[in-house]
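Chemist: Predicted coordinates and the sequence they were generated for:
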Amino acid sequence: MGNHNEQQTPDIPEEHKRSIRSFVLRQGHMTAAQQRAIDTMWPQFGIDYQNSTFDLNGAFGRGNPKVLEIGFGMGVATVEIAKRLPEKDFLAIDVHGPGVGNILKLIEEEKVSNIRVMRHDAVEVVEHMLADGSLDGIHIFFPDPWHKKRHHKRRLIQAPFVAKLLPKLKQGGYIHLATDWEEYAVQMLEVLSGFDELENTAQDYAPTPDYRPETKFEARGKRLGHGVWDLVFKRIK
């Protein structure tokens, strides 16, 4: 979280796209500590992709509320949120190898037990692995804003993707988005407001909930005079 390379879609003609995708696979440089964390922690905290519905409660060994996080970056904020909300379980998905290694390293260091990690396309996980009504919350923080107008079609937060997410959310569950790109915030507000099933918890943008920590990236942006916009919508039907 806190950088803008989390969710992207490949630049291929619309007619050739198999479906929406949430990222472009980036390898990046894995440190020895990150690789070691994957080697040692994955069996306990990692979840491999499967092309069928899986039991979220079984993965955590308890029936507590479940929150999906898409695009966790290096995992710093995710681990902090999990510590602040120990009564909730977090399924954190990203494709960036060093980030996956880093979040597992942090899970070990901070002795956090309420996170499970996936390295896969979040869209496929949502479509194939998550049962309808299985989520109490969805977090998507600082997805790639694709600021050039010709690239706006690559943005993750668009109506077709939200339409895939909604059935997975319980009635009363919430979607929490955050961006530091105002024009994307406007689009996010427009997209979420277009669903009858969702109700805005604020007049437009929400105060940052207590559980979401300020990232280094965000703090730097604020010092430079950049804004940050949070949106929190609830599923009402």
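Modeler: Thanks, I have the structure now.
Chemist: For the helix or strand hosting residue 90, which outside residues touch it?
Modeler: Assigned by DSSP states H and E, residue 90 belongs to strand 89-94. Strand 89-94 has contacts (Cβ atoms under 8 Å, 6 or more residues apart in numbering) with 6, 23, 47, 56, 59-60, 62, 64-73, 75, 78, 81-82, 100, 103, 114-120, 122, 125. Quick note: C-beta positions are derived from backbone N, CA and C, even for glycine.
Chemist: same for the strand ranked longest in the chain, what does it pack against?
Modeler: In the chain, ranked by residue count with DSSP state E as the criterion, the top strand is strand 169-179. In terms of contacts (3 or more Cβ pairs under 8 Å, 6 or more residues apart in numbering; DSSP states H and E), strand 169-179 is packed against strand 135-141, helix 182-193, strand 229-235.
Chemist: In space, what's closest to the most centrally placed residue in the chain - neighbours in sequence excluded?
Modeler: Taking Cα atoms, centre = their mean, the centroid of the chain lies closest to residue 70, which sits 1.8 Å from it. Spatially, and ignoring its direct neighbours in sequence, residue 70 is nearest to residue 122 (4.4 Å; Cβ to Cβ, 6 or more residues apart in numbering).
Chemist: Tell me, how many residues neighbour the one you found?
Modeler: 28 (other Cβ atoms under 10 Å).
Chemist: cool, residue 113 as well?
Modeler: Quick note: residue 113 (other Cβ under 10 Å) scores 15 neighbours.
Chemist: for the record, mean pLDDT for stretch 186-195?
Modeler: In this model, stretch 186-195 has an average pLDDT of 97.
Chemist: what pairs with residue 140 across the strands?
Modeler: Assessed by DSSP bridges, residue 140 has beta-bridge partners residue 177.
Chemist: That one contacts residue 67, correct?
Modeler: No: with contact defined as Cβ atoms under 8 Å, residue 140 does not reach residue 67; the gap is 11.1 Å.
Chemist: Would you map the helices across this structure?
Modeler: Applying DSSP state H to the chain gives helices spanning 32-45, 56-60, 76-84, 97-110, 122-128, 159-165, 182-193, 216-223.
Chemist: Can you report how many residues neighbour the closest residue to residue 99 other than its chain neighbours?
Modeler: Among residues not flanking residue 99 along the chain, residue 74 sits closest, at 5.1 Å (Cβ to Cβ, 6+ apart). Other residues near residue 74 come to 23 when the count uses other Cβ under 10 Å.
Chemist: how far away is residue 74 from residue 185?
Modeler: Using Cβ to Cβ, to the nearest Å, we find residue 74 at a distance of 23 Å from residue 185.
Chemist: Okay, buried residues for stretch 190-198 please.
Modeler: 191-192, 195, 198 (16 or more other Cβ atoms under 10 Å).
Chemist: That should have said stretch 73-84, apologies.
Modeler: Result for stretch 73-84 [16+ other Cβ under 10 Å]: buried residues 73-82.
Chemist: same question for that stretch, mean pLDDT?
Modeler: Across stretch 73-84, pLDDT averages out at 96.
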